[in-house]
Structure formats: structure tokens, C-alpha cells
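**Q** Kindly generate the corresponding structure for this input.
(2 chains)
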Amino acid sequence: MLPIIFIIPIVQLLILSYAVTFEIKSIKLSITDNDNTVASRRLTGHFRSSPFYNIVGESSDQRDGAEMLHKGSAHQMIVLLPGFEKALVKGQPAHVQVVTDAINGSAAALMNAYTLQIIYDYNREILAEVSPLAGLPVKLTWSYWFNPQLDYKTYMVPGILVLLVTIIGMFLSGMNVVREKELGTIEQINVTPIRKHQFIAGKLIPFWIIALFELAIGLLVARLVFSIPILGNIFLIFLVASVYLLVVMGIGLFISTLTNTQQQSMFISWFVLVIFILMSGLFTPAESMPQWAQNLNMINPIAYFISIIRMIMLKGSGIQDIMIPLLILAGYGSAVLSLSVWRYRKTI
Amino acid sequence: MGNNEYVIEAENLVKKFGSFVANDNLTFKVEKGEIFGFLGANGAGKTTAIRILCGLLLPTSGKITVAGQNVYTQTEAIKKQIGYMSQRFSLYEDLTINENFRFYGGIYGMSRIKIKEKTAEMLDRLGIESLKNSIVASLPLGIRQKLSFSVAIMHSPQIVFLDEPTGGVDPITRRQFWELIYEAAAKGITVFVTTHYMDEAEYCNRVSIMVDGRIEALDTPRNLKDKFQAKNMDEVFLKLARKAG
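**A** Purely as a prediction, here's the structure:
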């Protein structure tokens, strides 16, 4: 069991960090250029030379492009109608049609943004040629703080680390008590003078240590394999993790005091975990969720820890910056643990 | 039996689960150092009664004391004075013999030295010192049952409760098991044992026979055989069960 506990999370970290990405590296584009002039070819040339686009079809009939979108062999199509160049020369608006497969909404938004950026650049070139002195009235420059390359892994890996220790904490501790109920050993424990809090502590401490070990290995992998910066104090991460683990393990233990079989316990733990993970802001920013969902996140320990660990690792936040969420976690932890001690019954 | 020092006293013990009456007005007393047999068919209510006496289950009504403590309010005090071996095998199968002794000894607050002494003594008695570092799951059932019993009495309790300790065990091992019970009783540990092997009933000082949640008979095996004009306990039991059925 012990090798499994250590190997699986590392594999998970490696796979998830490489695979779970919203970056789009290759947009399959279908082009229909019915103008076929210097101006139109110049625009399509921009797409051809971009590393993000892969031209998968070119046809004079835009129905071919639509067909490819239907089949899923193209992500996006652009259509230029006859008269594109003529309109530009006359100084009238010229039209470009862009159609995007939006089954995956966030991917579609990204593809659209890339495409608009290319058309915008093209626009600027033409303006500069027509009146070289005009230029654009406002010049925008920007910089991205805390993750300058907008590297997806920098954002994801700390969150995935949180998931790893969460799964370890919640499942191992929770399953263990129910397993004793199934085996019948708990009856032998219940006829001994052991105190309830001693029993819960016994179920807590070993897995708490294992999970912290797991976090240490995970941080090492994050640093060595993914070169994720750890700007803040590493001991602060462990301090937060040790408090956080009390919360998730407390939830796991509480579930196991309510259930009688590993199956029941597994089912409820998964239910709780999936909701917490999806709402945590790991995959989607919590700020863009509806207000009621954000309110619900007040009881989501994963949301607290993910935002804290990102602050410490990427921003270098110190203890005073994370004091409030840390205190909330501490209060939460003592509440759920007391609840499981109270709920654990030595009499049937 | 002379000195009349009782370690278990039950007066009108009643346990109901909804409308089902599992224990119907049980009244009995168990003397110190006695081997008390608690007999009955499957489902007669033996396990329910034993669980109440061990503080695992609260009775519905009745006045019950175990080791001088009240089963309603002093369950944790009772637990310090008793040992319990349940129907289901209850040592940790993925630990070694030694680790199981250390674990249970620790729970009862025994010192390390005391645990070592007791473990050595028990394993010596069973003649399995060479197995002390074996994983319990790898041992045959007979040895595991004897180990369970040894663990249940390692902290020298006043009373040990055995719930069908010899279920599924071969006759030779059963005989050896009863020798262990006699030795424990000789050291002053009161033994409260449930069984449905009627030959084992003959080994007890006194037996009570439960039928459908009630105690139908309670006496020494000899007196019971005289009273029911039976050759052995098997016949006594059949006569009682038939009367009820």
C-alpha cells in the first residue's frame, strides 16, 4: 500500500501538469478566399505564417469549410468574399467572416482572441501604409505580473499539489475507520477503555505525516521537473498544509463515522470532493462564478488552500498576507475534528 | 459455591429493538472466578446480552452491574475491568503477533516492560514464540483464536467475555482452548462464555439456557441433567427448545 500511496500522486502530478492546459497550440483552420487578390492573400498569409494555426483546408466553396467544422476536422473557418480588396482601396469597411466551433466555450474564446489579434495586426499595417504619419492614438503595452510568460504550468502545478494532499488526506483517513467497521476490529476497540479523541488522533496522525511527505515530494518535483518558482517561505507552505490537512482529514473522518461500508464512505467522499474541486478555482477562476457559488466557497477548504499556496509560491506572500484564510482553516479544522470525535460512538 | 461475591448482576434486563424483544427480563448473577456458560440457539439473544454487559449497547431497562459498575453510566469504567473476544475475528490481520500485543497492551495503559513480559508468557504458553513476528493473517484459524483469547486477558481483567470463541475450530483445538479457559479461571478471572456446542456446556460451572430471548434454565450442568432426566446437555437443550417451539 505504501508504495502506491507515493507513486500514484507523482504520476498524477506529471500527467495532469502536462496535459491539463488551456493553451491552444494548433488551431485547425479552414480558409475560403473568394476574393483572391493581393490584399486577401496578405491576410491569409498572416494565418499561414503563425505557429498557432494549422491550415487543414482551402476551398472556394465555403460549404466545404462548414462541412469540416461539422465533422470536427477543423476548429475554425474564415471566409473572405469577393470585393474585399476593392472595399479596402475605397476606404470602406471590408468584411471577414470568422466561424468557430464553440462546443468547448473557453477554447473557442481563446481561438477567437488569437484570430482577432491577427486581423487587428493586419488592420494596423494597412492603416500605416495608407497614412504613415497617423499611427494609432493610444499605444498599449502590458506586462503580466507573477507569471510573466503566462505559463499554464506555473498556475496549475500548485493547485494540483493541493489536490494530491487532499485526496490522500480525505480518503486514507476516511476509508480506514470504515474498514475497521467492516472487518469487525472496531468492536474490539470499542470494548477497550480507549478515549474517543485518542482513537480519532490515532486515525489522524499517520496519514497526516504521509500527506506532508507527499507534499514535500510534490514540491520537489514541481521545482525540479517544472521549474515552478517558489518565491515564498517553504515552511509557510508546510504550516498551511498541516492546518489544511486537519480540515480535509476531519471531513473524511466525519464521513466515516456516519457510514458503515467503504462503498458508502467512498461515494460520499467523492461527491464532496468533486464539488469542492470543481468550485475551488483550480480550473476556472472562482471570481467568475455566480455570487451564490462564491458564497459556497466559504466552506470549501480546497479553495482556501489553492489561493494561499499560489500566493506563497508565485507571489512570495508572507504570513501576514495569508493570516485570515489561515485562521479560518484552523477554526474549520477544529470544528470538523470535534464533530467527528462527538459523532464517533463507542456504543452501537 | 460459597463466598457469594458477584461480578455480574442482572435484574430484569430488557432489550428491545423496535417492537422486537431480544432480551426478555433476564435475571442472573455470575460469581467471581466462575465459568459461566451462556447457551442458546442462533438468534436467541446471547450476543445482544453480552454486548450490553460489555458496554457496547445500552439496555432498554433493568438493573445491571458489571464489576460493581453501572452499565448505563459507567461503561468506560467497566471496559477497564473486562476483556472481550468477539464472534468475529478481531486481531489486526496485517500486523504481526507481537504488534497486536503491543497495540492492545498500550490501549490498556500497560507499561512496555509489562507488555513484553506478558507477550512472552502468553506465547510460551501457546508454544508459538517462533511465530511472534509473523503476520496474523498467515496463521491458521486455531492459533488465531487462541491468540485472540490471550490478547483479551493480557491485561488481567476481572471478567472475560467470550462470544462463541470456538466457532469453526476443530475438536482438538477446542479442547486446547478450554484448557486455556480453565487456566484463566484458576487465576481468578471470571469467564462468561457463549456457545452452541452442548458438549462445551459440560465444562462450565453453571449454564443458563436462552430460548427466544428468555432464560429458560439456569443451574449446574449436573442439576440440569437430573431435572430434565437427560443423559447429556444436548438432550436438556432439545427438551427446552422443543417446549418453546
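
**Q** B:Glu76 - nearest residue in space that isn't next to it in sequence?
**A** Spatial nearest neighbour of B:Glu76, chain neighbours left out: A:Pro193 (5.7 Å); criterion: CB to CB, 6 or more residues apart in numbering or on different chains. Every C-beta, even on glycine, is put in place using the N, C-alpha and C of the backbone.

**Q** distance of the one you found from B:Lys32?
**A** 21 Å (CB to CB, to the nearest Å).

**Q** Same check on B:Arg174?
**A** Note on B:Arg174: its distance to B:Lys32, by CB to CB, is 26 Å.

**Q** Looking at these two, which is more packed in?
**A** B:Arg174 (20 against 17; other CB atoms under 10 Å in any protein chain shown).

**Q** Now the more buried one. Nearest residue, chain neighbours left out?
**A** B:Thr166 is the one closest to B:Arg174 (CB to CB, 6+ apart), at 4.6 Å.

**Q** Check which helix or strand the spatially most central residue of chain A maps to.
**A** The centroid of chain A falls nearest to A:Phe283 when counting by CA atoms, centre = their mean (2.6 Å). Per DSSP states H and E: A:Phe283 is located in neither a helix nor a strand.

**Q** buried residues in the helix or strand harbouring A:Val11?
**A** Per DSSP H and E, A:Val11 falls inside helix A:2-19. Applying a neighbour-count criterion of 16 or more other CB atoms under 10 Å in any protein chain shown, one finds A:Ile5, A:Pro9, A:Ile10, A:Leu13, A:Leu16, A:Ser17 buried in helix A:2-19.

**Q** which among these gets closest to A:Tyr344?
**A** A:Ile5 (24.1 Å; CB to CB).

**Q** wouldn't the closest one be in contact with A:Phe213 here?
**A** No: here A:Ile5 does not reach A:Phe213: they are 9.2 Å apart, not a contact under CB atoms under 8 Å.

**Q** Can you give me the neighbour number for A:Gly72?
**A** Neighbour tally, A:Gly72, other CB under 10 Å: 10.

**Q** Touching, it and A:Asp101? I think so.
**A** Yes: contact criterion CB under 8 Å: A:Gly72 and A:Asp101 qualify, at 7.2 Å.

**Q** Give me the pLDDT value at the residue nearest to B:Arg174.
**A** Note on B:Thr166: pLDDT of 87.

**Q** List the contacts of the spatially most central residue of chain B.
**A** Nearest to the mean C-alpha position of chain B, by CA atoms, centre = their mean, lies B:Leu162 at 2.2 Å. Contacts for B:Leu162 were tallied using CB atoms under 8 Å, 6 or more residues apart in numbering or on different chains; they are B:Met85, B:Phe149, B:Ala152, B:Ile181, B:Val191, B:Phe192, B:Val193, B:Thr194.

**Q** Give me the mean pLDDT for the strand or helix carrying it.
**A** Following DSSP H and E, one finds B:Leu162 within strand B:159-163. For strand B:159-163, the mean pLDDT works out to 95.

**Q** Using PDB, write out every CA atom in it.
**A** Extracted in PDB, the C-alpha atoms of strand B:159-163 (Å, rounded to 0.1, in the frame of the first residue of the first chain):
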ATOM      1  CA  ILE B 159     -14.100 -10.800  33.700                       C
ATOM      2  CA  VAL B 160     -13.500 -12.000  30.200                       C
ATOM      3  CA  PHE B 161     -16.400 -12.300  27.800                       C
ATOM      4  CA  LEU B 162     -16.100 -14.900  25.000                       C
ATOM      5  CA  ASP B 163     -18.700 -14.800  22.300                       C
END
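
**Q** list the buried ones in the helix or strand following it?
**A** Once strand B:159-163 ends, the next helix or strand along the chain (criterion: DSSP H and E) is helix B:171-186. Under the neighbour-count criterion of 16+ other CB under 10 Å, helix B:171-186 has B:Thr173, B:Arg174, B:Gln176, B:Phe177, B:Trp178, B:Leu180, B:Ile181, B:Ala184, B:Ala185 buried.

**Q** What of stretch B:184-194?
**A** B:Ala184, B:Ala185, B:Ile189, B:Thr190, B:Val191, B:Phe192, B:Val193, B:Thr194.

**Q** now swap in stretch A:73-81 and tell me
**A** Within stretch A:73-81, judged by 16+ other CB under 10 Å, the buried ones are A:Ala74, A:His75, A:Gln76, A:Met77, A:Ile78, A:Val79, A:Leu80, A:Leu81.

**Q** circling back: count the residues that sit near the residue nearest to B:Arg174.
**A** 23.

**Q** That one against B:Thr195, yeah?
**A** Yes: the pair B:Thr166 and B:Thr195 qualifies as a contact (CB under 8 Å) at a distance of 6.7 Å.
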